[in-house]
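Enquirer: next one to model:
(chains A and B)
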Amino acid sequence: MLNAKLSRKRRRYIGFMRALMYVCAALTYALVLFLIAYVLAKGVPNISWELLSTSPSYLTERIGILPDILNTVYIVIATLLIVLPLGVGAAIYLTEYAKNKKVVAVIEYAAETLSGIPSIIYGLVGMLFFCQFLGMQTSLLAGALTLVIMNLPTIMRTTQESLKTVPQSYREGAFGLGAGKWRVIRTVVLPGCVDGVITGCILSVGRILGESAALLFTAGFAHALNGIFEGLTSAGATLTVALYVYAKEQGEFGAAFAIAAILMGLTLLINLAATLTQRYFRRKKA
Amino acid sequence: MKGKKKSFETAVHGVFLLLGLITVCCVLLITVYLIISGIPAIREIGLIKFLFGKTWASTAAEPSYGILSFILTSVYGTAGAIVIGVPIGFMTAVYLAKVASPRVKTVMESAVSLLAGIPSVVYGLVGMLILVPAIRKLFHVPDGASLFAAIIVLSIMILPSIIKVSVTALEAVPKEYEDASLALGATPVETYFKVSVPAAKSGIAAAVVLGVGRAIGEAMAVMMVSGNAANMPSLFQSVRFLTTAVASEMSYSGGLQRQALFSIALVLFLFIMLINATLNFFLKRTKER
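Expert: As a prediction, this is how the structure comes out:
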């Protein structure tokens, strides 16, 4: 091409930058592939039915992660049940009700601040507020409430984004037919933001599964097998916390890698689900 | 009937207003709690002694609570992660935004979001078993759990934030800028780096600041690979970050030691607030353009 006419300095610059770009992109990609392959290769052989279906016992030196799996499920359910109404409500307020620009700016700034706060600080404040001040002790519920604050901005943002895509004419049409504001929200606006709520849920589940620092001091690290209601009021480790305890405190790397492989699988699944729902809703709207 | 309907609507409005203000309440709650619980220990120890004291010996007979080593470790660790992570992330972002074919881009983008989704304890675990032994062997140090291991893990963990935000910024550069540059005889690569990148510079700056925030706030992965001894930072020594200082002693602490941990959290929180403010500054500039 024109390259022959370029000065040597320019050619060298172009070649260098181009090579650097390819190397860095390849490095990033290789890193992801390596992490997946390594964790799965080390972890999958350690996953057994006994590991998945029993609780740990010091007597027989058995390691089982069933309580941790259940705790994770409980905490995901509890967190979503609480955060959904709050987050969706906040988003509806921002897009449908708020007229004062300053109020909106303050709320959005608060949400941004929340999403920037590190999880260890959430854990600390959760411990002080939920466990001690509200007297919940170290319990899954206290952990779930801490996670509610962490996930609030996510649900708010995704819901808000999908509310913005509901055409203004729908609302005007409903108002024109004599519907009150609440009725418009219930029948026109809410159905329009289902996609945002679902995306928000998927993202939140991913975040809850991966969270550990915020749960260490709020939900604790017990491995007792409980039903959901008992479970929520007693302390319990989620999968990530269990991984940390097995790897760092007990040196049980087999169990730790088994949990890591499960978490990696779930992360893959969640990413896939997020992509697919996004694609589905985009096609539906188009 | 009409009055009833009106009061019902007002009530609904009120409920939504409360829901809307909940984030503000949460931020206030966190700030107030951290300040209330963080101030007493600082008062007792003395601000200067607390912030600039070099020794942390919370369980000694004569305890001393100086967190300079934690602050410096957090600063050095974050700086190291930025030095390694930003160039790699930035170059990857330019490649994704400008060079990659749509198909490659989709694949790479899902790989990047996977990287963002991997739990931090998994990074910690892999770091513990690959990075730490490798550093011990390569550099002939007695223990590989060190600041260097933490820097590597952090630089990987901040990659997704840097790549995603930079790609968004680079894609928002008006096509006219690039066309003009190409028409003047610049090659595509020259255009990307001399026209597109400068045009997207506030967005890229925001990406870097976001990475700083992620790195300084990370606790678990760092705890698993940094050795966790309260030394002054040195590349191949066991170190303790602000985050890990809080996490490692919280479960067995009491009295002034516990209060001092809250004070450390307050210092960390102030750092984060500063970073957030910077981030907002850059994001606002991006929006204005």
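
Enquirer: alpha carbons only for contacts and neighbour counts from here, please
Expert: OK.

Enquirer: count of neighbours near A:Leu31?
Expert: Using other Cα atoms under 10 Å in any protein chain shown, the number of residues around A:Leu31 comes to 16.

Enquirer: before we move on, which element is it in?
Expert: Using DSSP states H and E, A:Leu31 sits within helix A:8-43.

Enquirer: can you tell me the closest non-neighbouring residue to the closest residue to chain B within the stretch 151-286 of chain A?
Expert: When distances are taken as Cα to the nearest Cα, the stretch 151-286 of chain A reaches nearest to chain B at A:Gly210, 4.1 Å away. By the measure of Cα to Cα, 6 or more residues apart in numbering or on different chains, the closest residue to A:Gly210 outside its immediate chain neighbours is B:Pro119, 4.1 Å from it.

Enquirer: now do the same contact list for that neighbour.
Expert: Listed by Cα atoms under 8 Å, 6 or more residues apart in numbering or on different chains, the contact set of B:Pro119 reads A:Leu209, A:Gly210, A:Glu211, A:Thr240, A:Leu263.

Enquirer: assumed B:Gln84 was part of a helix.
Expert: No, residue B:84 isn't Gln; it's Ile. Yes: judged by DSSP: H, G, I helix; E, B strand; the rest coil, B:Ile84 forms part of a helix.

Enquirer: next, the residue of the stretch 101-250 of chain B found nearest chain A: phi, psi?
Expert: Closest contact between the stretch 101-250 of chain B and chain A, by Cα to the nearest Cα, is at B:Pro119 (4.1 Å). When quoted as degrees, to the nearest 10, the phi and psi of B:Pro119 stand at phi -60, psi 150.

Enquirer: tell me the spacing between it and A:Thr79.
Expert: Distance, B:Pro119 to A:Thr79, using Cα to Cα, to the nearest Å: 18 Å.

Enquirer: got the domain ranges for chain A?
Expert: With domains defined by automatic domain parsing, chain A comprises A:2-46, A:50-285.

Enquirer: would you format those as TSV with mean pLDDT included?
Expert: Below are the domains of chain A laid out as TSV (pLDDT from 0 to 100):
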stretch	mean pLDDT
domain A:2-46	90
domain A:50-285	89
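
Enquirer: dump those to a markdown table, plus distance to B:Lys201.
Expert: Putting those into a markdown table (distance: least, Cα to Cα, whole Å) gives the following:
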| stretch | distance to B:Lys201 |
| --- | --- |
| domain A:2-46 | 18 |
| domain A:50-285 | 21 |
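
Enquirer: single out the most deeply packed of those domains.
Expert: Highest mean neighbour count of those: domain A:50-285, a mean of 20 (counted as mean count of other Cα atoms under 10 Å in any protein chain shown).

Enquirer: the residue nearest in space to the middle of chain A and A:Gly43: what is the separation?
Expert: Closest residue to the average C-alpha location of chain A: A:Arg207 at 2.1 Å, with Cα atoms, centre = their mean. For A:Arg207, the distance to A:Gly43 (Cα to Cα) stands at 21 Å.

Enquirer: list the contacts of the residue nearest to the centre of chain A.
Expert: Contacts for A:Arg207 were tallied using Cα under 8 Å, 6+ apart; they are A:Asn151, B:Gly117.

Enquirer: near chain A, which residues of the stretch 101-250 of chain B?
Expert: By Cα under 8 Å from any Cα of the partner chain, the residues of the stretch 101-250 of chain B that approach chain A are B:108, B:110-115, B:117-122, B:125-126, B:189-190, B:213-214, B:217-220, B:224, B:243, B:246-247.

Enquirer: mind checking how far A:Gly123 is from chain B?
Expert: According to Cα to the nearest Cα, to the nearest Å, A:Gly123 stands 9 Å off from chain B.

Enquirer: report the contact partners of that residue.
Expert: Residues in contact with A:Gly123 (Cα under 8 Å, 6+ apart) are A:Thr146, A:Ala213, A:Ala214, A:Leu215, A:Leu216, A:Phe217, A:Thr218.

Enquirer: secondary structure and distance to B:Asn228 for those residues - can I get that in TSV?
Expert: Below are those laid out as TSV (DSSP: H, G, I helix; E, B strand; the rest coil; distance: Cα to Cα, whole Å):
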residue	secondary structure	distance to B:Asn228
A:Thr146	helix	26
A:Ala213	helix	16
A:Ala214	helix	19
A:Leu215	helix	20
A:Leu216	helix	17
A:Phe217	coil	18
A:Thr218	coil	22
